[in-house]
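Student: here you go, sequence then predicted model.
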Amino acid sequence: MFQLFKSIYLISQTKIKETKLGQKIAFVGLGVMGYPMAGHCKKAGYEVTVFNRTTEKANAWVKQYSGDMASTPKLAAQQANVVLLCVGNDDDLRSVMLGENGVLAGVNSGDIIVDHTTASAEVAREMAVLCAELGVGFLDAPVSGGQAGAENGQLTVMLGGQQTHYNSVEPVISCYAKFSQLLGDVGSGQLAKMMNQICIAGTVQGLAEAISFGENAGLDCHAVIDVISKGAAQSWQMENRFETMLAGKFDFGFAVDWMRKDLDIALNEAKRNGSTLPLTALVDQFYADVQKKGGGRWDTSSLLTRLKY
């Protein structure tokens, strides 16, 4: 009986491995997020071909993970049936998707493209139309969790698109995500990410003001935050950034330049849908102040520098 169960288990594991090896992945964009995300896919047993505009980064990834690399997005897509993207903005997305060497020139009918770029809902819908004409699925799938989340495989992914496409790629996404959810039609993922960034902007500013207030009042802010982080004021930013904020360390993490890009997307979308975002607009200007201080690459928690330095 034991041998029977052992045989069944081994057969099931072989089938799982065959399924993974049969679903070939292309990963386009090896920045601080994409590099470890692609690595998680390779470590999970998938065949992965990467493309990055900086060849040195792609070479380093191949050396570290023993995967493959392609010289163009088109060639990477030709090697895969699932194409994952993680680039900078709308223009970057168009540059790797379109043209004779773009992803769309290399995909086949039935393939699925998953775009992890934080971009506009508008460009997501634009890409989805082009994909549909080729019989290719498209999901906009921005992520939250930052570099640490990508490295630890603990990202949260918010998606827009068709349920069947999501069901097909969910096992891939789970390689680097602790949670993912389809939230509606194409564009819904990007709209959800805008909500995410709106929440973060207000939370970080509130934390910066609280720390500044506490220090001016002569309090032990480490002790205070140890207490208030157990109550209603608790947030991811409080748990993960208060120590570096108190130490004046900001040369890491999610850059102010990136945050301003994301907030600009949200503010533009708000104009289109009739929303008013006064706090978000104000914090965006506070981040502009940080940029003027030379802090464009500092972590978003550097809002504290406006109040202290």
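Tutor: Arrived safely, thanks for sending. Numbering: from 1, shown residues only.

Student: tell me if I'm right that Phe254 and Gly149 touch.
Tutor: No - Phe254 is beyond contact range of Gly149, at 10.2 Å (criterion: Cβ atoms under 8 Å). For glycine as for every other residue, the C-beta is placed from the backbone atoms N, C-alpha and C.

Student: show me where the stretch 51-200 of the chain has strands.
Tutor: Using DSSP state E, counting those that start in this stretch, the strands assigned to the stretch 51-200 of the chain run over residues 68-69, 82-85, 112-115, 137-140, 143-144, 155-159, 177-182.

Student: so for Ile265, which of those sits nearest?
Tutor: Between Ile265 and the strands of the stretch 51-200 of the chain, the shortest separation by Cβ to Cβ is 12.2 Å, and it involves strand 137-140.

Student: give me the mean pLDDT for the closest one.
Tutor: Computed over strand 137-140, the mean pLDDT rounds to 98.

Student: pull out the buried residues from stretch 66-82.
Tutor: The neighbour-count check on stretch 66-82 (16 or more other Cβ atoms under 10 Å) flags 67-70, 72-82 as buried.

Student: scratch that, stretch 240-259
Tutor: For stretch 240-259, a neighbour-count test (16+ other Cβ under 10 Å) marks 241-242, 244-245, 250, 253-256, 258-259 as buried.

Student: let me know the pLDDT of Ala232.
Tutor: On pLDDT, Ala232 comes in at 97.

Student: any figure for the gap between it and Gln181?
Tutor: From Ala232 across to Gln181, the span is 25 Å (Cβ to Cβ, to the nearest Å).

Student: higher neighbour count, those two?
Tutor: More crowded of Ala232 and Gln181, by other Cβ atoms under 10 Å: Gln181, with 14 against 6.

Student: quick one, what contacts Leu75?
Tutor: 51, 101, 106 (Cβ atoms under 8 Å, 6 or more residues apart in numbering).
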